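**Q** following is a predicted model, sequence given first.
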Amino acid sequence: MGESRVPEHAPGPIPFDHALHGDSIGLDCAACHTGARASANAYMPSKADCMDCHRLPLTENPGIETLDSVLAKADDRPWSHKRILPEHVVFHHGVHAAAGVACSDCHGSNHMQNRYGGEKFDMQSCLKCHRGETFKEKGFKPAATYCAACHR
(Lines give C-alpha, C1' and ligand atoms only; values in the text may rest on other atoms or scores of the structure.)
Protein backbone atom coordinates (compact mmCIF):
# COMPACT_ATOMS: atom_id res chain seq x y z
CA MET A 1 0.00 0.00 0.00
CA GLY A 2 1.69 3.23 -1.09
CA GLU A 3 1.44 6.60 0.54
CA SER A 4 -0.86 9.15 -1.05
CA ARG A 5 -1.18 12.86 -0.52
CA VAL A 6 -4.24 13.99 1.39
CA PRO A 7 -5.70 17.46 1.77
CA GLU A 8 -3.76 19.44 4.34
CA HIS A 9 -6.93 20.55 6.10
CA ALA A 10 -8.51 17.99 8.43
CA PRO A 11 -12.30 18.08 8.07
CA GLY A 12 -14.23 19.02 11.17
CA PRO A 13 -15.95 22.03 12.68
CA ILE A 14 -13.45 24.24 10.82
CA PRO A 15 -10.63 23.35 8.41
CA PHE A 16 -7.55 22.49 10.48
CA ASP A 17 -4.14 23.03 8.89
CA HIS A 18 -1.62 20.56 10.33
CA ALA A 19 1.27 22.16 8.42
CA LEU A 20 0.53 25.61 9.85
CA HIS A 21 0.35 24.38 13.44
CA GLY A 22 3.19 21.86 13.12
CA ASP A 23 5.69 23.26 10.65
CA SER A 24 5.09 27.00 11.02
CA ILE A 25 4.41 27.20 14.75
CA GLY A 26 6.30 24.06 15.75
CA LEU A 27 3.60 22.39 17.84
CA ASP A 28 4.20 18.75 18.70
CA CYS A 29 1.37 16.29 17.90
CA ALA A 30 0.73 15.81 21.64
CA ALA A 31 -0.07 19.52 22.05
CA CYS A 32 -3.50 18.78 20.53
CA HIS A 33 -3.66 14.98 20.71
CA THR A 34 -3.00 14.97 24.45
CA GLY A 35 -3.66 11.30 25.14
CA ALA A 36 -1.65 9.80 22.32
CA ARG A 37 1.51 9.11 24.29
CA ALA A 38 -0.13 7.37 27.22
CA SER A 39 -3.63 6.19 26.39
CA ALA A 40 -5.26 3.81 23.94
CA ASN A 41 -6.45 6.49 21.52
CA ALA A 42 -5.00 9.70 20.16
CA TYR A 43 -7.79 11.95 21.48
CA MET A 44 -9.34 14.31 18.99
CA PRO A 45 -9.37 17.81 20.50
CA SER A 46 -12.58 19.71 21.11
CA LYS A 47 -13.08 23.27 19.95
CA ALA A 48 -12.66 24.32 23.59
CA ASP A 49 -9.18 22.75 23.46
CA CYS A 50 -8.41 24.91 20.42
CA MET A 51 -9.56 28.00 22.29
CA ASP A 52 -7.04 27.26 25.06
CA CYS A 53 -4.46 28.70 22.65
CA HIS A 54 -6.76 30.92 20.61
CA ARG A 55 -8.46 32.77 23.46
CA LEU A 56 -8.42 36.08 21.59
CA PRO A 57 -9.84 35.73 18.09
CA LEU A 58 -7.53 37.10 15.46
CA THR A 59 -9.89 39.32 13.50
CA GLU A 60 -7.85 39.01 10.32
CA ASN A 61 -8.00 35.21 10.53
CA PRO A 62 -11.36 33.88 9.29
CA GLY A 63 -10.62 30.38 10.63
CA ILE A 64 -10.30 31.61 14.19
CA GLU A 65 -13.39 33.79 13.83
CA THR A 66 -15.29 30.72 12.60
CA LEU A 67 -13.99 28.63 15.50
CA ASP A 68 -15.07 31.30 17.96
CA SER A 69 -18.59 31.53 16.47
CA VAL A 70 -18.96 27.74 16.25
CA LEU A 71 -17.91 27.42 19.88
CA ALA A 72 -20.40 30.12 20.89
CA LYS A 73 -23.21 28.12 19.21
CA ALA A 74 -22.18 24.99 21.15
CA ASP A 75 -21.82 23.16 17.83
CA ASP A 76 -19.41 20.41 18.76
CA ARG A 77 -19.21 18.36 15.59
CA PRO A 78 -16.29 15.97 15.93
CA TRP A 79 -13.20 16.04 13.77
CA SER A 80 -13.14 13.25 11.23
CA HIS A 81 -10.55 10.52 11.53
CA LYS A 82 -8.26 9.96 8.58
CA ARG A 83 -6.97 6.55 9.63
CA ILE A 84 -9.64 4.14 10.73
CA LEU A 85 -9.02 0.84 12.48
CA PRO A 86 -11.48 -1.99 11.99
CA GLU A 87 -13.59 -2.53 15.12
CA HIS A 88 -12.09 -5.97 15.77
CA VAL A 89 -8.56 -4.57 16.13
CA VAL A 90 -7.04 -3.57 19.45
CA PHE A 91 -4.50 -0.75 19.17
CA HIS A 92 -2.94 1.29 21.97
CA HIS A 93 -1.13 4.52 21.08
CA GLY A 94 0.58 4.65 24.47
CA VAL A 95 2.13 1.19 24.13
CA HIS A 96 3.58 2.13 20.76
CA ALA A 97 4.83 5.51 22.01
CA ALA A 98 6.47 3.88 25.05
CA ALA A 99 8.27 1.50 22.68
CA GLY A 100 9.73 4.49 20.80
CA VAL A 101 7.35 4.55 17.85
CA ALA A 102 6.98 8.16 16.69
CA CYS A 103 3.69 9.58 15.39
CA SER A 104 5.29 9.93 11.96
CA ASP A 105 6.18 6.22 11.84
CA CYS A 106 2.50 5.43 11.24
CA HIS A 107 1.01 8.76 10.21
CA GLY A 108 3.78 10.05 7.94
CA SER A 109 6.08 13.00 8.26
CA ASN A 110 5.50 16.68 7.66
CA HIS A 111 2.77 16.88 10.27
CA MET A 112 0.31 14.47 8.77
CA GLN A 113 0.50 15.72 5.20
CA ASN A 114 1.66 12.44 3.68
CA ARG A 115 -0.43 9.58 4.96
CA TYR A 116 -2.38 6.69 3.62
CA GLY A 117 -5.03 9.22 2.78
CA GLY A 118 -8.36 8.25 4.23
CA GLU A 119 -7.74 4.53 3.74
CA LYS A 120 -8.49 2.09 6.49
CA PHE A 121 -5.63 0.40 8.26
CA ASP A 122 -5.31 -3.22 7.32
CA MET A 123 -3.16 -5.99 8.68
CA GLN A 124 -0.39 -5.17 6.23
CA SER A 125 -0.18 -1.64 7.66
CA CYS A 126 0.90 -3.14 10.98
CA LEU A 127 2.91 -6.08 9.69
CA LYS A 128 5.11 -3.88 7.50
CA CYS A 129 6.77 -2.83 10.76
CA HIS A 130 6.11 -5.74 13.07
CA ARG A 131 7.53 -8.27 10.64
CA GLY A 132 9.39 -6.05 8.22
CA GLU A 133 12.79 -4.45 7.87
CA THR A 134 11.46 -1.11 9.13
CA PHE A 135 10.97 -2.66 12.55
CA LYS A 136 14.55 -3.96 12.68
CA GLU A 137 16.08 -0.79 11.20
CA LYS A 138 14.51 1.41 13.87
CA GLY A 139 15.65 -0.93 16.63
CA PHE A 140 12.18 -1.66 17.98
CA LYS A 141 11.97 -4.72 20.18
CA PRO A 142 9.96 -7.61 18.76
CA ALA A 143 6.21 -7.28 19.12
CA ALA A 144 3.66 -10.02 19.49
CA THR A 145 2.33 -11.17 16.14
CA TYR A 146 -0.07 -13.87 17.31
CA CYS A 147 -3.70 -13.15 16.38
CA ALA A 148 -5.10 -12.46 19.87
CA ALA A 149 -2.47 -9.78 20.51
CA CYS A 150 -4.32 -7.40 18.19
CA HIS A 151 -7.68 -8.99 17.38
CA ARG A 152 -10.68 -9.04 19.71
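**A** Thanks, I have the structure now.
**Q** who touches stretch 86-93?
**A** The contact list for stretch 86-93 (CB atoms under 8 Å, 6 or more residues apart in numbering) reads 35-42, 85, 120-122, 149-152. The way it works is simple: take the backbone N, C-alpha and C, and place the C-beta from them, glycine included.
**Q** farthest pair in those?
**A** The span of these, defined through CB to CB, is set by 38 and 122 at 26.1 Å.
**Q** which SS state does residue 44 fall under?
**A** Three-state assignment for residue 44 (DSSP: H, G, I helix; E, B strand; the rest coil): coil.
**Q** any idea how far residue 40 is from residue 137?
**A** 27 Å (CB to CB, to the nearest Å).
**Q** out of the contacts of stretch 86-93, which is most surrounded?
**A** residue 42 (21 neighbours; other CB atoms under 10 Å).
**Q** break down the chain into its helices, ranges please.
**A** Taking DSSP state H as the test, the helices found in the chain are 18-19, 47-53, 62-72, 93-98, 103-107, 109-112, 123-130, 133-137.
**Q** what's the fifth one packed up against?
**A** Helix 103-107 sits against no helix or strand, with contacts defined as 3 or more CB pairs under 8 Å, 6 or more residues apart in numbering; DSSP states H and E.
**Q** what is the burial count for the closest residue in space to residue 151 that isn't next to it in sequence?
**A** Spatially, and ignoring its direct neighbours in sequence, residue 151 is nearest to residue 88 (5.6 Å; CB to CB, 6 or more residues apart in numbering). Around residue 88 there are 8 other residues, counting by other CB under 10 Å.
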